[in-house]
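Novice: coordinates only, sequence not included:
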Ligand code: NCD
């Protein structure tokens with residue numbers, strides 16, 4: 001993976017994924033012992049959309065590797081507010097750092113960005129497109145909890161606009177996994193993603209009701225309705241609040257269910273679930289550090 005861009009989960013082979021997850025497991029076991037592996041390395045972060053976990057875990061990761069981070073800061077204080085293009089901004093930033101982490105609201109922005117930069121570019125979310133580094137930490141968590149082969153996973157919520165969903169679904173085709181997609185009709189997986197899954201021979205089923213299949217699942221990956229991507233607020237209101245998982249449902253249908261969520265959650269995972277042994281979304285968020293350490297270690 002050295003000196004590559006990380007744009008889409010479609011580029012990951014099973015061997016790539018396993019190499020990153022194995023390295024991440026080493027880092028998770030000895031997080032304190034690697035402090036100078038990349039001394040002097042500089043990571044640039046350019047976030048054109050809000051972020052807590054992705055930005056902070058990349059910062060923690062590069063610092064734990066002995067490097068440092070430079071951040072573009074809020075868009076309104078950058079030259080973008082003077083009308084600078086994304087291409088120009090990135091051409092400048094590439095001269096300051098050894099790798100760039102980019103989050104941008106436009107789908108395809110990360111692919112476009114690779115035309116302008118030679119240092120590794122990591123796509124931290126391009127609109128409703130892809131979020132491949134999130135996928136690596138999702139896979140890491142699934143592997144730790146239940147394993148990636150012989151897996152039956154439900155992926156629920158906003159499958160249309162959810163970039164973490166698109167990346168995860170594509171990466172899972174490298175494993176022996178049955179995928180159940182649960183959403184309202186209007187938020188089904190985009191046709192392009194369904195096409196890719198079909199091409200990969202993925203075992204896929206789609207559902208509108210979720211309680212009925214809870215008992216079949218090893219993992220339920222819940223996502224937030226991506227309100228900011230809806231062209232129309234009424235369309236959002238029509239689907240918000242439809243899929244709410246609560247503790248009683250889990251206790252009734254599947255006590256062993258592992259519940260994951262890329263976070264932030266709104267109302268789709270009730271706080272009462274947090275105390276169940278299968279609630280792993282905070283561990284999942286924490287796994288962002290060793291996984292991003294592994295990825296940066298391999299790219300730099
Ligand atoms: C996700 C994102 O930004 O796509 N957040 C994250 O990186 N953990 C999910 C979301 O915003 O719903």
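Specialist: That came through fine. None of these values were measured; they are calculated from a predicted model.

Novice: where along the stretch 1-150 of the chain do the strands fall?
Specialist: 42-47, 68-71, 99-104, 121-126 (DSSP state E, counting those that start in this stretch).

Novice: what's the closest of these to the ligand?
Specialist: Closest to the ligand of these, according to C-beta to the nearest ligand atom: strand 121-126, at 4.8 Å. Any C-beta I mention is one placed from the backbone N, CA and C, and that applies to glycine too.

Novice: right, is that closest one up against the ligand?
Specialist: Yes - against the ligand, strand 121-126 shows contacts by C-beta under 6 Å from any ligand atom at residue 125.

Novice: my read: residue 217 touches residue 260, true?
Specialist: No - if you go by C-beta atoms under 8 Å, residue 217 and residue 260 don't touch, sitting 11.1 Å apart.

Novice: identify the contacts common to the two.
Specialist: Counting by C-beta atoms under 8 Å, 6 or more residues apart in numbering, residue 217 and residue 260 have no common neighbour.

Novice: which strands or helices does the strand or helix carrying residue 298 pack on?
Specialist: Using DSSP states H and E, residue 298 maps to helix 288-299. Secondary-structure packing of helix 288-299 (3 or more C-beta pairs under 8 Å, 6 or more residues apart in numbering; DSSP states H and E): helix 14-29, helix 53-64, helix 132-145.

Novice: what's the most buried one of these?
Specialist: Highest mean neighbour count among the helices and strands packed on helix 288-299 (mean count of other C-beta atoms under 10 Å): helix 132-145, with a mean of 25.

Novice: for that one, packing partners?
Specialist: On the basis of 3+ C-beta pairs under 8 Å, 6+ apart, helix 132-145 makes packing contacts with helix 14-29, strand 121-126, helix 163-172, strand 219-222, strand 258-260, helix 281-286, helix 288-299.

Novice: sorry, back to before: mind putting the helices and strands packed on helix 288-299 in TSV, mean pLDDT and distance to residue 203 included?
Specialist: Shown next, in TSV, are those (pLDDT from 0 to 100; distance: least, C-beta to C-beta, whole Å):
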stretch	mean pLDDT	distance to residue 203
helix 14-29	96	16
helix 53-64	97	29
helix 132-145	98	16
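
Novice: among the ones you listed, which comes closest to residue 8?
Specialist: Among the helices and strands packed on helix 288-299, the nearest to residue 8 by C-beta to C-beta is helix 132-145 (5.9 Å).

Novice: is the ligand contacted by that closest one?
Specialist: Yes - contact of helix 132-145 with the ligand (C-beta under 6 Å from any ligand atom) involves residue 134.

Novice: the residue nearest the centre of the chain and residue 180, how far apart?
Specialist: For the chain, the residue sitting closest to the mean C-alpha position, by C-alpha atoms, centre = their mean, is residue 134 at 2.4 Å. Taking C-beta to C-beta, to the nearest Å as the measure, residue 134 falls 20 Å from residue 180.

Novice: and for residue 296?
Specialist: Taking C-beta to C-beta as the criterion, residue 296 is separated from residue 180 by 33 Å.

Novice: for residue 123, same thing?
Specialist: Per C-beta to C-beta, residue 123 is found 26 Å from residue 180.

Novice: looking at these two, which is more packed in?
Specialist: Between residue 123 and residue 180, counting by other C-beta atoms under 10 Å, residue 123 is the more crowded of the two (28 against 20).
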